[in-house]
Structures are given as C-alpha cells and as structure tokens.
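Participant: sharing a model prediction with you, sequence too.
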Amino acid sequence: MSGIVIIEEDELIHSLLKEYLSEAGYGIGSGGSPDTASGAKPDVVIIDVYMPRSTGIEKLQAVRAAHPGTPLIAISGQFCSGLASCRATADALGVKRIIAKPFSRDELLEAVRDVIGSPDKPHA
C-alpha cells in the first residue's frame, strides 16, 4: 500500500484532508501534482477538479496519465451536495466517487472506504 495521493492547491483544505485521512489510519503518499507520478502506484487519488490553473477535465486527464489504473475521487465546490450521490456524474467524469465541498469528515471517509476499503483491510 503506497497510500492516498491528495491533489488540492488550497493548503488549508489539503491539510484538512491529510489530517482526516491520517487520523483514520490511512497512509498519505507523495505526488501532489496532477501530472507527476510519485513512483509507487497509490491506492487512490483525491483530486480537486476545479482549480484556478487548469480545468477539471484537463487535470483529471493528467492524473489518469500519471497514475494509470488508479481509482480517483473528485472533490469540488462546483458540485451540488445531491450530485455527490449521483453515479452518472461520477461515470461521466471517469471517477469512482465525487464529493461536494463543503464536506464532512464522515463523507470523505465513507467515499474512501467505498473505493479502497478500511485502512486495516485495504481493497485488493
């Protein structure tokens, strides 16, 4: 298990994600740039799809190229909270789950568990 890669430009949100996941027992891998692979394949990549420097689709394409086959969880303030449960939206973006900002710790952990399992029982 090489951990979870977080791609989030907002340092406060990045730190909050890291704190939530670390406290829940997940490892956080390196590789916070969407177009840079960290070496080992991460278990999942959490990515903010609406960032000021590039569009969400371009960022998702760069992450897929850098981490082929790795499941993605997209987070965004552009998603409506009801949209987060919409499988069709996740499928359209090519991600496993979407999470609307603002989100709770429980929403984040539920999405991660759904994609890779609990930290003590990682998904194969």
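Facilitator: Noted; the coordinates are in hand.

Participant: for the closest residue to Phe79 other than its chain neighbours, list each beta-bridge partner.
Facilitator: Closest residue in space to Phe79, ignoring its immediate chain neighbours: Ala100 at 3.9 Å, by C-beta to C-beta, 6 or more residues apart in numbering. C-betas here are computed from N, CA, C, even on glycine. On the basis of DSSP bridges, Ala100 is bridged to Ser76.

Participant: can you check the pLDDT for Ala100?
Facilitator: For Ala100, the pLDDT comes out at 88.

Participant: okay, strands next: where are they in the protein?
Facilitator: Along the chain, the segments classed as strands by DSSP state E run 4-7, 44-48, 72-76, 97-100, 117-118, 121-122.

Participant: take those and write them to CSV, including mean neighbour count and distance to Glu23.
Facilitator: As requested, the strands of the chain are arranged in CSV below (neighbours: other C-beta atoms under 10 Å; distance: least, C-beta to C-beta, whole Å):
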stretch, mean neighbour count, distance to Glu23
strand 4-7, 25, 13
strand 44-48, 25, 15
strand 72-76, 24, 18
strand 97-100, 21, 17
strand 117-118, 13, 14
strand 121-122, 10, 17
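
Participant: looking at those strands, which is nearest to Ala111?
Facilitator: strand 97-100 (4.4 Å; C-beta to C-beta).

Participant: can I get the strands of the chain in JSON lines with distance to Ala88?
Facilitator: Listed next are the strands of the chain as JSON lines, based on distance: least, C-beta to C-beta, whole Å:
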{"stretch": "strand 4-7", "distance to Ala88": "23"}
{"stretch": "strand 44-48", "distance to Ala88": "19"}
{"stretch": "strand 72-76", "distance to Ala88": "14"}
{"stretch": "strand 97-100", "distance to Ala88": "10"}
{"stretch": "strand 117-118", "distance to Ala88": "24"}
{"stretch": "strand 121-122", "distance to Ala88": "28"}
